[in-house]
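# Compute the structure for the input listed below.
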Amino acid sequence: MKKFLGSMLAATMITSAAYAGGPVVVEEEPVVEASSPRSGWIVPVIIGAIVLCAIACGNDDDPQT
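Sure, this is the predicted structure:
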């Protein structure tokens with residue numbers, strides 16, 4: 001009899017704990033899409049400026065005698 005009452009008490013404790021706090025509302029997280037990459041014009045402009053400067057500056061070293 002004690003085993004039966006003990007198991008019934010345990011079963012009611014488990015079910016009451018499962019329903020404690022009312023219903024659970026699950027919200028879906030919004031889907032985050034990756035943004036499109038920016039057009040990369042800065043790096044080519046800087047590299048182009050360095051190349052143009054290297055060409056325009058030329059060789060300013062005095063010839064060795």
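# Quick check: phi and psi on Ile42?
Per-residue torsions, Ile42: phi -70, psi -50 (degrees, to the nearest 10).
# burial measure for it, as a count.
Residues lying near Ile42 (other CB atoms under 10 Å) number 9. No exception for glycine: its C-beta is placed from N, CA and C like everyone else's.
# what about the helices in this structure?
For the chain, the helices defined by DSSP state H occupy 2-18, 42-57.
# average pLDDT across the first one?
Pointing back at helix 2-18 there. For helix 2-18, mean pLDDT is 62.
# swap in the last one?
The average of the pLDDT scores along helix 42-57 is 90.
# before we move on, what about stretch 27-34?
85.
# And that stretch, end to end?
22 Å (CA to CA, to the nearest Å).
# Count the neighbours of Pro23 for me.
Going by other CB under 10 Å, the residues that sit close to Pro23 add up to 5.
# Ramachandran angles for it?
Torsion angles, degrees, to the nearest 10, at Pro23: phi -70, psi 150.
# What residues does Leu52 make contact with?
With CB atoms under 8 Å, 6 or more residues apart in numbering as the criterion, no residue contacts Leu52.
# do you know how far it is from Ile46?
If you measure Leu52 against Ile46 using CB to CB, to the nearest Å, the figure is 11 Å.
# same thing with Gly22?
Counting by CB to CB, the gap from Gly22 to Ile46 is 61 Å.
# more neighbours, the two?
Neighbours around Gly22 and Ile46, counted as other CB under 10 Å, are more numerous at Ile46. The numbers are 10 against 6.
# who are the neighbours in contact with Glu64?
Quick fix: residue 64 reads Gln, not Glu. Counting by CB under 8 Å, 6+ apart, there are no residues that Gln64 touches.
# What does it show for phi and psi?
Dihedral angles (degrees, to the nearest 10) for Gln64: phi -80, psi 140.
# And the pLDDT at it?
For Gln64, pLDDT reads 73.
# Could you report the distance from it to Cys57?
20 Å.
# again, but for Val45
Going from Val45 to Cys57 by CB to CB gives 18 Å.
# could you check the distance from Ser36 over to Thr65?
60 Å.
# my bad, should have said Ile50
32 Å.
# These two: who's more crowded?
Ile50 (10 against 3).
# That concludes my questions; thank you for your assistance.
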